[in-house]
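# The sequence isn't on hand, but the structure is:
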């Protein structure tokens, strides 16, 4: 009985350490996701999901038709090529289906398609197959830190530097020596391991932590993304449960208590990006069921949390891994460790570090990076890849790391937060002055859009912004990523286009709202639709159409 009580007490502490949302309860989230039935709105319901007056519904339909006409005329060739390719590329099928909430998705795909092809980049812009020039807000998912021209040059000169060797694998090109020395200096850690992606780097860091601690479990924080492999993605998206992962509440004393009391935790993973929206999944317009999305970056509060985490990990001999694959060198030349003033036991890098080519890197303490035991020759920790330290990747990385030390790039880091905080404030002021129900929140040059009044149609903004010549990734307004070479004049153009797109959306009637509506009432309405579909599929499907 005493043993059972101890076990129960430990289990209760673990439960307290989890965030109360579904994102904090991975198994429950997977079960609930499996119960949600598909249903969709027909043309009439598409414009009346929030039961507006008929004049508002008519304005929405007219506005949608005008926007669809713009898309058909402006993006014809780009969309044609994308539609052809989608038949053979599953990735395109997925992102097309998940740009907006599923009830609206099919109708949107029939009428609003800008395509996924681009043919050139220059400065802070990209150009599609129809010759349309867009200001780029995708940042190539975080890769583009210093501008596309910078990376073109890194790739060209890096490849020229190693061209005499070509694709010889296994042996190292001499540029690797410089890369390792610089990475040791930047990370403040002893050894380096090269991989082909950020996901692979995180996998290796976790494997090494388990190997050396002889413990089984990793800890990740609610909402954080560390790649698509099983143990770090225990919830929706993973077809099987991750039995050796704990998902705890970010910035929580209860989470620290779990770390203090459990004996099976090998490592803790931290993605610094989630300081912008702790305990929330990566924002995407496909999840904009209402206006509940929010974000607020408090650098000092997050730095204090990391210091507490560092102390507990040290006390309990838990490996602290800072996953900088996304933020990389974006927030400081020395990365998140420099930015927040906290040192990790292991750090993972990717994206920007490859100079435009794919890469993953693990930096760690000497005792954690060793993959064998001298006293037990059969006890090893394998991690190899055919293309690890590929000469062309190492050449482009060499160019990136060399330029990171130049006065030109140093100038881009000077007053970085002040520059991007000022720009976010400027856009927010323009939106407020125009009376638009939309604002932005930022962590340096990484932004997200949030909405100030209840609405079921916020996801439409991404289509108006694309029509204004702003390039967004498939997650829409959930994440905007600026390269640091944006000038004030570039940003002024983006601001004007963003406001123009939002004003066009308002004129289309999409932000009409019932004074009695709230985010809770919107969620309750959707829940009723789902329950009706589960109980009476044919009738519910008919009524939704």
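Arrived safely, thanks for sending. Worth saying up front: this structure is predicted, and the values here are computed from it rather than measured. Numbers count the residues shown, from 1 in each chain.
# Ramachandran coordinates for the nearest residue to residue 139 once chain neighbours are set aside?
Distances taken as C-beta to C-beta, 6 or more residues apart in numbering put residue 481 closest to residue 139, at 2.7 Å, once the chain neighbours are dropped. Heads up, the C-betas are built off the backbone N, CA and C, glycines and all. Backbone torsions for residue 481, taken as degrees, to the nearest 10, come to phi -130, psi 110.
# For residue 481, list the residues it contacts.
137, 138, 139, 140, 141, 142, 144, 445, 446, 447, 473 (C-beta atoms under 8 Å, 6 or more residues apart in numbering).
# could you flag which of those are buried?
In the contacts of residue 481, burial by neighbour count holds for 137, 138, 139, 140, 142, 144, 445, 446, 447, 473, counting by 16 or more other C-beta atoms under 10 Å.
# Among those, which pair sits farthest apart?
Greatest spatial distance among the buried ones among the contacts of residue 481 (C-beta to C-beta): 140 and 447, at 15.3 Å.
# mean confidence score for stretch 69-84?
Stretch 69-84 shows a mean pLDDT of 95.
# ignore the last one, stretch 533-541
On average, stretch 533-541 scores 69.
# From the buried ones among the contacts of residue 481, which land in strands?
446, 447 (DSSP state E).
# Kindly reformat the buried ones among the contacts of residue 481 as a markdown table and extend each row with distance to residue 35.
Converted to a markdown table, these look like this (distance: C-beta to C-beta, whole Å):
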| residue | distance to residue 35 |
| --- | --- |
| 137 | 35 |
| 138 | 34 |
| 139 | 36 |
| 140 | 36 |
| 142 | 34 |
| 144 | 39 |
| 445 | 39 |
| 446 | 34 |
| 447 | 34 |
| 473 | 29 |
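# The most centrally placed residue in the chain: what's its closest spatial neighbour, skipping adjacent residues?
The centroid of the chain falls nearest to residue 282 when counting by C-alpha atoms, centre = their mean (5.2 Å). In space, not counting the residues next to it along the chain, residue 282 is nearest to residue 225; the distance is 5.4 Å by C-beta to C-beta, 6+ apart.
# Count the residues that sit near the one you found.
17 (other C-beta atoms under 10 Å).
# Same check on residue 64?
22.
# Would you map the helices across the stretch 301-450 of the chain?
Taking DSSP state H, counting those that start in this stretch to define them, one finds helices in the stretch 301-450 of the chain at 335-340, 366-369, 391-403, 407-413, 416-433.
# do the same with the stretch 101-250 of the chain
All helices of the stretch 101-250 of the chain, identified by DSSP H, counting those that start in this stretch, fall at 102-111, 148-162, 175-187, 198-213.
# In the shortest one, which of the residues would be classed as buried?
Along helix 102-111, these residues count as buried under the neighbour rule (16+ other C-beta under 10 Å): 103, 104, 105, 107, 108.
# and the residues you listed, which two are the farthest apart?
103 and 108 (10.3 Å).
# ranges for the strands of the stretch 201-350 of the chain?
In the stretch 201-350 of the chain, the strands defined using DSSP state E, counting those that start in this stretch lie at 217-221, 245-248, 265-270, 319-323, 346-350.
# Distance to residue 235 and mean neighbour count added to these, as TSV?
Shown next, in TSV, are the strands of the stretch 201-350 of the chain (distance: least, C-beta to C-beta, whole Å; neighbours: other C-beta atoms under 10 Å):
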stretch	distance to residue 235	mean neighbour count
strand 217-221	10	24
strand 245-248	8	24
strand 265-270	15	25
strand 319-323	17	27
strand 346-350	21	28
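# possible to save these as JSON lines with distance to residue 117 and mean pLDDT?
Converted to JSON lines, the strands of the stretch 201-350 of the chain look like this (distance: least, C-beta to C-beta, whole Å; pLDDT from 0 to 100):
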{"stretch": "strand 217-221", "distance to residue 117": "35", "mean pLDDT": "97"}
{"stretch": "strand 245-248", "distance to residue 117": "37", "mean pLDDT": "96"}
{"stretch": "strand 265-270", "distance to residue 117": "35", "mean pLDDT": "98"}
{"stretch": "strand 319-323", "distance to residue 117": "31", "mean pLDDT": "98"}
{"stretch": "strand 346-350", "distance to residue 117": "25", "mean pLDDT": "97"}
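# Out of those, which is closest to residue 278?
Short answer: strand 217-221, nearest of those by C-beta to C-beta, at 7.7 Å.
# so how far is the closest one from its chain's centroid?
18 Å (C-alpha atoms, centre = their mean, to the nearest Å).
# now that strand against strand 319-323, angle please.
Angular relation of strand 217-221 and strand 319-323 on a 0 to 180 degree scale: 40 degrees, by axes from the mean of the first three to the mean of the last three C-alpha atoms, to 10 degrees.
# which helices and strands sit right next to strand 217-221?
helix 198-213, strand 245-248, helix 253-261, strand 265-270 (3 or more C-beta pairs under 8 Å, 6 or more residues apart in numbering; DSSP states H and E).
# most packed of these?
Highest mean neighbour count among the helices and strands packed on strand 217-221 (mean count of other C-beta atoms under 10 Å): strand 265-270, with a mean of 25.
# Give the other helices and strands that that one contacts.
Short answer (3+ C-beta pairs under 8 Å, 6+ apart): strand 265-270 packs on helix 198-213, strand 217-221, helix 299-316, strand 319-323.
# Neighbours of residue 425, how many?
12.
# and it, how far is that from residue 145?
Counting by C-beta to C-beta, to the nearest Å, the separation of residue 425 from residue 145 is 22 Å.
# what do you get for residue 356?
On the measure of C-beta to C-beta, residue 356 and residue 145 end up 10 Å apart.
# so what sits against both of these two?
By C-beta under 8 Å, 6+ apart, no residue touches both residue 356 and residue 145.
# So residue 108 is in contact with residue 100, correct?
Yes - using C-beta atoms under 8 Å, residue 108 is in contact with residue 100, at 5.3 Å.
# picking up where we left off before, list just the one of the helices of the stretch 101-250 of the chain that sits closest to residue 291.
Nearest of the helices of the stretch 101-250 of the chain (C-beta to C-beta): helix 102-111, 15.8 Å.
# Which single one of the contacts of residue 481 is nearest to residue 34?
Using C-beta to C-beta, the contacts of residue 481 come closest to residue 34 at residue 473, 27.3 Å.
# Wait, the closest one touches residue 141, no?
Yes - using C-beta under 8 Å, residue 473 is in contact with residue 141, at 6.5 Å.
# What is the least confident helix or strand in this protein?
helix 537-544 (a mean of 53; mean pLDDT, DSSP states H and E).
# quick one: what helix or strand has residue 68 in it?
helix 54-74 (DSSP states H and E).
# Sorry, slip of the keys, the one I care about is residue 491.
helix 488-507.
# So which bits of that helix are buried?
For helix 488-507, by 16+ other C-beta under 10 Å, it's 490-491, 493-495, 497-506.
# helices or strands up against that helix?
Counting contacts by 3+ C-beta pairs under 8 Å, 6+ apart, helix 488-507 packs against helix 54-74, strand 133-136, helix 416-433, helix 461-467, strand 470-471.
# again, 10 Å this time
helix 54-74, strand 133-136, helix 416-433, strand 438-443, helix 461-467, strand 470-471 (3 or more C-beta pairs under 10 Å, 6 or more residues apart in numbering; DSSP states H and E).
# among the ones you listed, which is nearest residue 22?
Across the helices and strands packed on helix 488-507, closest to residue 22 is strand 438-443 (C-beta to C-beta), at 22.2 Å.
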